[in-house]
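Asker: sequence-free structure coming up:
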């Protein structure tokens, strides 16, 4: 494999003409791309994040670049890989993807290439060209491009008409998604969306799925993307951060209109973690995109950690549009589903460690003790695996208790919603939720309303203005008065204090 760096660039005239014709354009395109990045991002940003970025290879349409640290790799992949791809592909259209790796601290020595035999094709050209000039070390061995090796899990970001989506995970399919009572409806709706064909009537549009952390939102969204893509539909999967970055980059590059048009020409738009969508301009564009796609009969799938009505950071018209389709909650994992997840993770671990054996009583104990989310269950299996392989001792309930005690101790309390508080208080005091939200000031309504406001302040992280808005658009001073009123009464009225404690327990169970 030919290796060309700055140190040996003076020898280019001595190399085979075909190699020279391939290397020079790549080097020149990379240099032009670096100048554009420096101009667009500014000297400080360029020096901080791109000063040690090197182009290692351009092979089969993929530009392989390397950095010296994992932190730089993670940061560039999260924030700048799309910009690097856009700039480099503008300079050399052959580039359709970018792969970032961490280069080794030790570099192999250079070797002069042997002459090509008649009729022999040139080997892929490997370059080592730093972005900021100076002597370059020898090239690193290029990694396998994402999505090319069946053993790789990460796929290259889906690209449609120049619009790049977030990477997909091949493992996250409907076949690997475990179904229980808590996610059965979301799973059925997602399959219905994924199996629809172009031109079919869209029953659930938009499909809005919300759940707490680690309950499978991203899995089910990527399963839709994988299935719809295999069916030949044009699918883009984006995180909210990716959508915001793409739109802001388009504004800076004065290509916002082209960005909008590309986004509105797809068949299925999937947005994950929409709760992170920030900025008035971005929200307006997001709302316009939703309207355009829905009016054009295109499918939209959204995921968040809360229902649309709880997304206070989003504008009212965006929340209204999101709530206009099918809104499905993926609830906490029930014990039967937790057992399924544990058994699946243990079976996967046995592939690498055949001697790894977890008795059924241990599985039952872990499923009962770790009730938070699927990621904690993964952590529990990893701890059990480490204990079994490192100590060699058989697993028992006692050893499992020691191995996962940090997961049990750090279990987060239930997140209470203001709507739940309002409904429970209304039922407890025999009034309607509409009464609590109304402007009525009779004693039978005022006291339950004040108690509901007090519980909202104590059991949620919402601010006083947010609570007031959720109680019929009241001012924050009204909420503050209610909180102080109930605090004062609980100190002197034991019956009221007991009622409030009962309500707290019912809400936190």
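Answerer: Ah, there it is. Note that the structure is predicted; figures quoted are calculated from it, not measured. Residues are numbered from 1 along each chain as shown.
Asker: Mind telling me what element the residue nearest to residue 332 when sequence neighbours are not counted is part of?
Answerer: Excluding its sequence neighbours, the residue lying closest to residue 332 (CB to CB, 6 or more residues apart in numbering) is residue 182, at 6.1 Å. Quick note: C-beta positions are derived from backbone N, CA and C, even for glycine. Element membership of residue 182 [criterion: DSSP states H and E] is none; it lies in no helix or strand.
Asker: burial count for the closest residue to residue 404 other than its chain neighbours?
Answerer: Of all residues not flanking residue 404 in the chain, residue 380 sits nearest, at 4.7 Å (CB to CB, 6+ apart). Close neighbours of residue 380, defined as other CB atoms under 10 Å, add up to 27.
Asker: which SSE is residue 380 in?
Answerer: Judged by DSSP H and E, residue 380 forms part of helix 374-391.
Asker: what's the answer for residue 202, then?
Answerer: Under the assignment given by DSSP H and E, residue 202 is not contained in any helix or strand.
Asker: Just confirm it contacts residue 296, I think it does.
Answerer: No - counting by CB atoms under 8 Å, residue 202 does not reach residue 296; the two are 10.4 Å apart.
Asker: Compare the two (neighbour count), which wins?
Answerer: residue 202 (16 against 10).
Asker: Enumerate every residue touching that one.
Answerer: Neighbouring residues of residue 202 by CB atoms under 8 Å, 6 or more residues apart in numbering: 196, 297, 298, 299.
Asker: repeat that with 6 Å
Answerer: Applying CB atoms under 6 Å, 6 or more residues apart in numbering, we find residue 202 in contact with residue 299.
Asker: Got the phi and psi for it?
Answerer: Taking degrees, to the nearest 10, you get phi -90, psi 110 for the backbone angles of residue 202.
Asker: Quick check: the gap between it and residue 231.
Answerer: Per CB to CB, to the nearest Å, residue 202 is found 15 Å from residue 231.
Asker: With residue 223 instead?
Answerer: Distance of residue 223 to residue 231, given as CB to CB: 13 Å.
Asker: The two: which is more packed in?
Answerer: Counting neighbours by other CB under 10 Å for residue 223 and for residue 231 shows that residue 223 has the greater number, 24 against 15.
Asker: What does the pLDDT read for the residue positioned nearest the centre of the chain?
Answerer: Most central in the chain under CA atoms, centre = their mean is residue 239, positioned 5.4 Å from the mean C-alpha point. Listed pLDDT for residue 239 reads 87.
Asker: nearest spatial neighbour of residue 249, skipping sequence neighbours?
Answerer: residue 83 (6.1 Å).
Asker: Give me the contacts around whichever strand or helix holds the one you found.
Answerer: Using DSSP H and E, residue 83 maps to helix 81-91. Helix 81-91 is contacted from outside by 29, 32, 33, 36, 37, 63, 95, 98, 164, using CB under 6 Å, 6+ apart.
Asker: Mark which of the residues you listed are buried, thanks.
Answerer: By neighbour count, with 16 or more other CB atoms under 10 Å, these hold 29, 33, 36, 37, 63, 95, 98, 164 as buried.
Asker: what's the closest of those residues to residue 353?
Answerer: Taking CB to CB as the measure, residue 353 lies nearest residue 98 of the buried ones among the contacts of helix 81-91, at 35.3 Å.
Asker: What values do phi and psi take at residue 56?
Answerer: Dihedral angles (degrees, to the nearest 10) for residue 56: phi -100, psi -40.
Asker: Burial check on residue 307, number of neighbours?
Answerer: 17.
Asker: could you pull out the helices for the stretch 151-300 of the chain?
Answerer: Using DSSP state H, counting those that start in this stretch, the helices of the stretch 151-300 of the chain run over residues 184-195, 217-230, 240-252, 256-263, 280-295.
Asker: OK, contacts around the residue nearest to residue 404?
Answerer: Shown in contact with residue 380 (CB under 6 Å, 6+ apart): 366, 370, 404, 407.
Asker: switch to 10 Å and redo it
Answerer: For residue 380, the contact set (CB atoms under 10 Å, 6 or more residues apart in numbering) comprises 338, 341-342, 345, 362-363, 365-367, 369-370, 400, 403-404, 406-408.
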